[in-house]
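S.K.: One predicted model, sequence on top.
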Amino acid sequence: MFERIDYYAGDPILGLMEKYSADNNPNKVNLGIGIYYDESGVLPVLDCVKTAEARIADPIAPRPYLPMAGLPGHRKGCQELLFGKGAQILQDGLVATIATIGGSGALKVGAEFIHEWFPQSKCYVSDPTWGNHIAIFEGSDVEVGKYPYYDKANSSIKFDEMIAFFETLNKHDVILLHPCCHNPTGMDLTQAQWDTVLNVIKAHELIPFMDIAYQGFGEDMDGDAYAIRKAVEMGLPLFVSNSFSKNLSLYGERVGGLSVVCPTADEAERVFGQLNAMVRRIYSSPPSHGGHVVDIVMNDDALHEQWVGEVYAMRDRIKAMRLKLKSVLEAKIPNRNFDYITRQNGMFSFTGLTPEQVERLQSKYGIYMVSNSRMCVAGLNTSNIDYVANAMADVLKD
Ligand code: PMP
């Protein structure tokens with residue numbers, strides 16, 4: 001009966017994690033998956049989260065279903081983080097926000113919404129992008145295309161090509177954008193470039209869908225939301241999916257949000273209703289525990305401040321690792337330019353290694369990165385960075 005079912009080839013990034021776990025090399029280093037490990041190589045539990053967990057645990061409360069849209073405090077937390085506390089659009093009721101099952105859940109509900117209400121729209125993703133973007137939209141029967149983004153040869157962005165491409169798109173086509181810390185390249189647009197992109201989007205009546213999974217890891221909480229807030233200022237309709245997996249270090253709790261900015265409060269109410277309907281028929285309501293953690297941390301001023309400090313400490317540690325990696329590589333291979341390492345933002349660095357070099361790093365040194373050469377810089381620490389930098393220099397020299 002099930003013989004005709006295709007084998008699943010596995011997810012390339014999650015598969016790498018399994019391969020890493022099975023590797024006996026005592027020096028092995030995991031730079032594959034996008035997870036922040038601290039200086040000791042441990043997945044941190046943030047102090048603000050510990051406090052929130054203690055409050056949830058005392059007393060242990062009943063666990064009713066949450067509303068389809070999640071906890072009001074979770075939704076408010078998403079809105080204030082993305083659009084700014086006291087933002088006019090929030091006061092005017094122009095934003096429909098639901099709490100979601102991580103950033104992935106937000107993308108899925110967003111993709112379903114696009115499929116149902118904008119059936120003619122295609123969705124364009126950056127070349128390259130996080131692989132699951134394509135899978136999620138195609139999985140909702142939205143046709144996916146790619147727009148030019150990364151110039152491998154120069155470790156830069158193909159900005160003019162990208163703009164020219166956007167100008168060829170049809171009204172209401174969706175453009176999936178990374179407001180900060182582009183995954184996988186780490187190369188972000190400047191504010192002036194964002195302005196140009198958003199002007200083209202406005203002129204051609206395209207729909208921006210901003211996926212923000214690393215807010216706080218690039219510049220800072222507000223700076224990383226520049227593109228989102230600029231789109232709002234320009235009066236654009238806008239989808240935003242956000243994830244708390246990385247910046248609350250709550251990967252397994254599955255917490256995120258989907259916000260749709262609408263021209264009028266009536267439209268926002270309609271959209272909110274349809275998002276609820278979508279949730280109802282896919283998974284009914286979001287998880288409770290993580291939702292409460294988000295609610296507590298985002299809405300308690302002292303905890304919120306502590307949280308922001310903890311995110312910035314993670315950001316700064318990654319930046320320090322970038323500097324160190326760059327300096328070791330420059331010393332080892334003086335005729336090669338490694339400036340790109342510190343120009344990139346967030347957890348990832350597109351190293352430009354060939355698939356063969358990535359494979360050699362794995363087999364010879366037990367260093368794991370994605371075959372497209374994406375390295376998770378947040379997996380580096382002062383104990384393993386020399387080992388990794390020397391190994392990279394070795395495979396680059398061959
Ligand atoms: N968008 C991007 C760009 C991501 O990198 C990720 C996580 N790797 C997600 C969305 C999904 O986030 P979550 O793990 O919260 O589902």
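M.R.: Everything's here; your move.
S.K.: Return the residues of the stretch 101-250 of the chain in contact with the ligand.
M.R.: Contact residues, the stretch 101-250 of the chain versus the ligand (C-beta under 6 Å from any ligand atom): 102-104, 130, 178, 183, 211, 213, 243, 245. C-beta coordinates here come from the backbone N, C-alpha and C atoms, glycine included.
S.K.: Make JSON lines from those and add neighbour count and secondary structure to it.
M.R.: Listed next are those as JSON lines, based on neighbours: other C-beta atoms under 10 Å; DSSP: H, G, I helix; E, B strand; the rest coil:
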{"residue": "102", "neighbour count": "25", "secondary structure": "helix"}
{"residue": "103", "neighbour count": "25", "secondary structure": "helix"}
{"residue": "104", "neighbour count": "21", "secondary structure": "helix"}
{"residue": "130", "neighbour count": "24", "secondary structure": "coil"}
{"residue": "178", "neighbour count": "26", "secondary structure": "coil"}
{"residue": "183", "neighbour count": "23", "secondary structure": "coil"}
{"residue": "211", "neighbour count": "25", "secondary structure": "strand"}
{"residue": "213", "neighbour count": "27", "secondary structure": "coil"}
{"residue": "243", "neighbour count": "25", "secondary structure": "strand"}
{"residue": "245", "neighbour count": "23", "secondary structure": "coil"}
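S.K.: Widest-spaced pair of those?
M.R.: 102 and 178 (16.1 Å; C-beta to C-beta).
S.K.: how about the helices in the stretch 101-250 of the chain?
M.R.: Assigned by DSSP state H, counting those that start in this stretch, the helices in the stretch 101-250 of the chain fall at 102-117, 131-139, 159-166, 191-203, 226-233.
S.K.: Give me the contacts around the fourth one.
M.R.: Around helix 191-203, the neighbours that count as contacts under C-beta atoms under 8 Å, 6 or more residues apart in numbering are 157, 159, 162-163, 166-167, 175, 177, 189, 206-208, 226-227, 230-231, 234, 236.
S.K.: and the angle from it to helix 159-166?
M.R.: Inter-element angle recorded for helix 191-203 and helix 159-166: 10 degrees (by axes from the mean of the first three to the mean of the last three C-alpha atoms, to 10 degrees).
S.K.: now helix 191-203: how far from the chain's centre is it?
M.R.: The chain centre lies 21 Å from the centre of helix 191-203; the measure is C-alpha atoms, centre = their mean, to the nearest Å.
S.K.: How about the longest one?
M.R.: Its chain's C-alpha centre and that of helix 102-117 lie 15 Å apart, by C-alpha atoms, centre = their mean.
S.K.: Over to the last one?
M.R.: When distances are taken as C-alpha atoms, centre = their mean, helix 226-233 is centred 17 Å away from the chain's centroid.
S.K.: quick one, it and helix 191-203 angle?
M.R.: Interaxial angle of helix 226-233 relative to helix 191-203 (the same axes, to 10 degrees): 40 degrees.
S.K.: Would you map the strands across the stretch 201-350 of the chain?
M.R.: With strands called from DSSP state E, counting those that start in this stretch, the stretch 201-350 of the chain shows them at 207-212, 238-243, 255-261, 348-350.
S.K.: Now mean pLDDT too, for the helices of the stretch 101-250 of the chain, in a markdown table please.
M.R.: A markdown table is the format used below for the helices of the stretch 101-250 of the chain (pLDDT from 0 to 100):
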| stretch | mean pLDDT |
| --- | --- |
| helix 102-117 | 98 |
| helix 131-139 | 97 |
| helix 159-166 | 98 |
| helix 191-203 | 98 |
| helix 226-233 | 98 |
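S.K.: Tell me which of these is the most buried.
M.R.: Burial of the helices of the stretch 101-250 of the chain is given as mean neighbour count (mean count of other C-beta atoms under 10 Å); helix 102-117 ranks first at a mean of 23.
S.K.: What helices and strands are in contact with that one?
M.R.: Judged by 3 or more C-beta pairs under 8 Å, 6 or more residues apart in numbering; DSSP states H and E, the packing partners of helix 102-117 are strand 95-101, helix 131-139, strand 207-212, strand 238-243, strand 255-261, helix 265-282.
S.K.: cutoff 7 Å now
M.R.: Applying 3 or more C-beta pairs under 7 Å, 6 or more residues apart in numbering; DSSP states H and E, one finds that helix 102-117 contacts helix 131-139, strand 207-212, strand 238-243, strand 255-261, helix 265-282.
S.K.: tell me what the first one is packed against?
M.R.: Based on contacts counted as 3+ C-beta pairs under 7 Å, 6+ apart, the elements that helix 131-139 packs against are helix 102-117, strand 123-127, strand 144-148.
S.K.: what about the ones you listed, which gets the closest to residue 367?
M.R.: strand 123-127 (26.1 Å).
S.K.: Quick check: buried residues in that closest one?
M.R.: 123-126 (16 or more other C-beta atoms under 10 Å).
S.K.: And for stretch 300-308?
M.R.: 300, 303-304, 306-308.
S.K.: what does stretch 240-258 give?
M.R.: For stretch 240-258, by 16+ other C-beta under 10 Å, it's 240-251, 253-258.
S.K.: Ok, stretch 271-286 next?
M.R.: Buried residues in stretch 271-286 (16+ other C-beta under 10 Å): 271-272, 274-276, 278-279, 285-286.
S.K.: any chance of those in CSV, with distance to the ligand too?
M.R.: What follows is the buried residues of stretch 271-286, written out as CSV (distance: C-beta to the nearest ligand atom, whole Å):
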residue, distance to the ligand
271, 21
272, 21
274, 22
275, 17
276, 20
278, 17
279, 15
285, 17
286, 12
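S.K.: Average pLDDT for the longest helix along the chain, rounded please.
M.R.: In the chain, taking DSSP state H as the definition, the longest helix is helix 301-332. Averaged across helix 301-332, the pLDDT comes to 96.
S.K.: How about stretch 243-256?
M.R.: The average pLDDT for stretch 243-256 rounds to 98.
S.K.: what distance separates it from the centre of its chain?
M.R.: 10 Å.
S.K.: quick one: terminal-to-terminal distance for that stretch?
M.R.: The first and last residues of stretch 243-256 sit 4 Å apart, counting by C-alpha to C-alpha, to the nearest Å.
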